[in-house]
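Q: sequence and computational prediction follow.
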Amino acid sequence: MYKVIFATVVFLFLLPQCVDSQIKRIRMQPFQVMFYNAENLFDTADDPVTNDNEYLPDGVRKWTPRRYYERLRQTAKVITAVGKWDMPALVGLCEVENDTVLTHLLYRTPLKEHRYRYCITRGNDPRGINNALLYRNERFKLLGQRSIRIRFTRKGKRSRDILHAWGRVVTGDTLDVLVCHFPSRSAGKKKTEPDRIDAALCVRRLCDSLYSVRRRTHIIVMGDFNDTPADESIAVMTHAAKPEHRLTNLFADKETLNFAGSHKFNGEWSQLDQMLVSLPWKARLKQGGTQIFAPSFLLTDDKRHNDKRPRRTYQGYTYKGGFSDHLPIVAEFLLPFL
């Protein structure tokens, strides 16, 4: 009898210490996700299947190997600056031409020290630009990838495919990542809006299918949507029949953003680059963990509007040696692990 009482007392005494020890073992791993429209990141070789003539050594932009490699270094600089002491786990890119560009970016710039891997669409864009994902294999174990063709209602319409990649993260969950570059507004916002809604419907259908097949569904949709958070295409993606299947746009609230926008056109900033996440990933967002990355080296004077604008590689057809007409967006999450 006394032995039983003694054992019970010892157990109750040690239990809080065991629980406390287990809690102390739980750590939070930063998981930084970045998206960047790299704006016309072409190599210097002619692709006879696509219209890349503008970006050739004898093209109108005189896209020489020297300019090309400088641009690769500039892109690497942006990614490295975002990461600081801990490089992003995932980097979504758009306007990347092909595997050659990504291979050169990852192995002929300082990014080679970080051992990124990549996947890329083999898309349907007339100019040959694609969407890509860079990933750190120790943070995101790639399980699969596919290139998704958008079905447009407008006959003959072509655009970039959506990149769908899925992998395992430190929690053991499967994370589905969609990298998008929706049709542009170049022919006018209203005229081209149906094309972006078609693209948004494609994303929404894919997300719905993931909810039907995944036991636990974790989704990040990121891209240059060529629409603002207030436009219909974004609402199509975020809304769902079931409230638990809705996506949260991390860059929808202007009050929480640290900068005026990610893109500037005719003197006005707008938020065309956005990141949408499923509810479990919204819960994992670090407090204050979203930002438009806008360091001074990515900006130049906009004298016409007495402001700043993104520092581009070309201003018109004049070579400036800059970066992109878009600013990167970044979200930092915290993932629990033992």
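A: Noted; the coordinates are in hand.
Q: for beta bridges, what are the partners of residue 332?
A: residue 32 (DSSP bridges).
Q: meant to ask about residue 119
A: Here residue 119 sits in beta bridges with residue 133, going by DSSP bridges.
Q: surely it and residue 164 touch.
A: No. If you go by Cβ atoms under 8 Å, residue 119 and residue 164 don't touch, sitting 9.5 Å apart. For every residue, glycine as well, the C-beta is placed using N, CA and C.
Q: okay, and the common contacts of the two?
A: Counting by Cβ atoms under 8 Å, 6 or more residues apart in numbering, the shared contacts of residue 119 and residue 164 are residue 145.
Q: what ranges in the stretch 201-338 of the chain fall below the confidence cut-off?
A: Under the criterion pLDDT under 70, the flagged ranges of the stretch 201-338 of the chain are 338.
Q: quick one, helices of it?
A: Taking DSSP state H, counting those that start in this stretch, the helices of the stretch 201-338 of the chain run over residues 232-238, 279-283.
Q: so which bits of the shortest one are buried?
A: The neighbour-count check on helix 279-283 (16 or more other Cβ atoms under 10 Å) flags 279, 281 as buried.
Q: who does that helix touch, helix- and strand-wise?
A: Counting by 3 or more Cβ pairs under 8 Å, 6 or more residues apart in numbering; DSSP states H and E, the packing neighbours recorded for helix 279-283 are strand 218-224.
Q: quick one: distance of the strand it packs on to the chain centre.
A: Centroid separation for strand 218-224 versus its chain: 7 Å, with Cα atoms, centre = their mean, to the nearest Å.
Q: which strand or helix spans residue 40?
A: strand 27-41 (DSSP states H and E).
Q: other SSEs contacting that strand?
A: By 3+ Cβ pairs under 8 Å, 6+ apart, strand 27-41 packs against helix 65-83, strand 90-96, strand 218-224, strand 273-277, strand 329-337.
Q: quick one: distance of stretch 43-55 to the chain centre.
A: With Cα atoms, centre = their mean, you get 25 Å for stretch 43-55.
Q: using JSON lines, lay out the helices of the stretch 201-338 of the chain together with distance to residue 169.
A: Below are the helices of the stretch 201-338 of the chain laid out as JSON lines (distance: least, Cβ to Cβ, whole Å):
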{"stretch": "helix 232-238", "distance to residue 169": "22"}
{"stretch": "helix 279-283", "distance to residue 169": "10"}
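Q: so residue 186 sits right up against residue 192, yeah?
A: Yes. Look at residue 186 against residue 192 with Cβ under 8 Å: they come within range, at 7.4 Å.
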